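Visitor: give me a 3D structure for the following:
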Amino acid sequence: MQFIPTEIPAVIEIIPRVFSDDRGGFFESFQQEKFNLAIGKNVHFVQDNESVSKKHVVRGLHFQIPPFAQGKLVRVIQGAVLDVAVDIRKNSPHYGQHVNRLLSAENKHQLWIPEGFAHGFIALEENTIFQYKCTNYYHTASEQSLRWDDPDLGIDWGITAGLLSSKDATAPLFHSFETPFI
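Guide: Residues are numbered from 1 along each chain as shown. Modelled structure (predicted):
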């Protein structure tokens, strides 16, 4: 496994070593000791989530506020997404900046998104299955979001209109957001 810091070093792209032959393939999708060593702290995942999305469904930009903030390890089991993480840590030199990566069943890449980031993705194929491991439980009252198409964030999703939930369609803009993350 390779652990590669992105332009925002706290967000790490994970590239597995894939073994293929005439029978099919195999790869290690997670290994706790290697993961902890790569990110520099012990992480305990408590919840796995999975979504299925139609092409052009946008989910996000979501996060939970402290003390229920979540780190997420995300990957695609079927299909492909453009995955996005926005730094919402007030004292970060990358505050308000984002990284994006193509995650797909084919490339098997994963992304570690620590606490203090808003997260979202757009499904690039029909029936995309997206899976993520979380470091904290889902807590409804702590969930917040930012507008996926906020011009201040400058995220190029590759589309001008996506399929959204009503919550995501009415999420606040970044300039009106007061971050609880230091």
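
Visitor: sec struct for residue 38, please.
Guide: When classified by DSSP: H, G, I helix; E, B strand; the rest coil, residue 38 comes out as helix.

Visitor: pLDDT wise, what is the closest residue in space to it that isn't next to it in sequence at?
Guide: Closest residue to residue 38 in three dimensions, ignoring its sequence neighbours and counting by Cβ to Cβ, 6 or more residues apart in numbering: residue 3, at 3.6 Å. C-beta: built from backbone N, CA, C; applies to glycine. With respect to pLDDT, residue 3 scores 97.

Visitor: what's the answer for residue 161, then?
Guide: 88.

Visitor: what about it, neighbour count?
Guide: As a burial measure, residue 161 scores 9 neighbours (other Cβ atoms under 10 Å).

Visitor: now it: which helix or strand?
Guide: Here residue 161 sits in a region with no helix or strand, counting by DSSP states H and E.

Visitor: contacts only, for residue 69.
Guide: Applying Cβ atoms under 8 Å, 6 or more residues apart in numbering to residue 69 gives the contacts 63, 115-116, 136, 142, 181.

Visitor: kindly recompute the last result at 10 Å.
Guide: Neighbour list for residue 69: 63, 114-117, 135-136, 139, 142, 180-181 [criterion: Cβ atoms under 10 Å, 6 or more residues apart in numbering].

Visitor: which residue sits farthest out from the middle of the chain?
Guide: Ranked by distance from the centre of the chain (Cα atoms, centre = their mean), the top residue is residue 22, with 32.8 Å.

Visitor: so which strand or helix has the most centrally placed residue in the chain?
Guide: Centroid check for the chain by Cα atoms, centre = their mean gives residue 119 as the closest residue, at 4.6 Å. Element membership for residue 119, per DSSP H and E: strand 117-123.

Visitor: and that strand, what does it pack against?
Guide: The contact analysis (3 or more Cβ pairs under 10 Å, 6 or more residues apart in numbering; DSSP states H and E) places strand 117-123 against strand 47-53, strand 58-64, strand 72-78, strand 80-87, strand 98-104, strand 110-113, strand 128-134, strand 143-145.

Visitor: give me the distance from the first one to the chain's centre.
Guide: Between the centre of strand 47-53 and the centre of its chain there are 12 Å (Cα atoms, centre = their mean, to the nearest Å).

Visitor: the shortest one now?
Guide: Offset of strand 143-145 from its chain centre (Cα atoms, centre = their mean): 14 Å.

Visitor: what is whatever helix or strand comes next after it packed up against?
Guide: The helix or strand immediately downstream of strand 143-145 is helix 166-169, counting by DSSP H and E. On a contact count with 3+ Cβ pairs under 10 Å, 6+ apart, helix 166-169 meets strand 58-64, strand 143-145.
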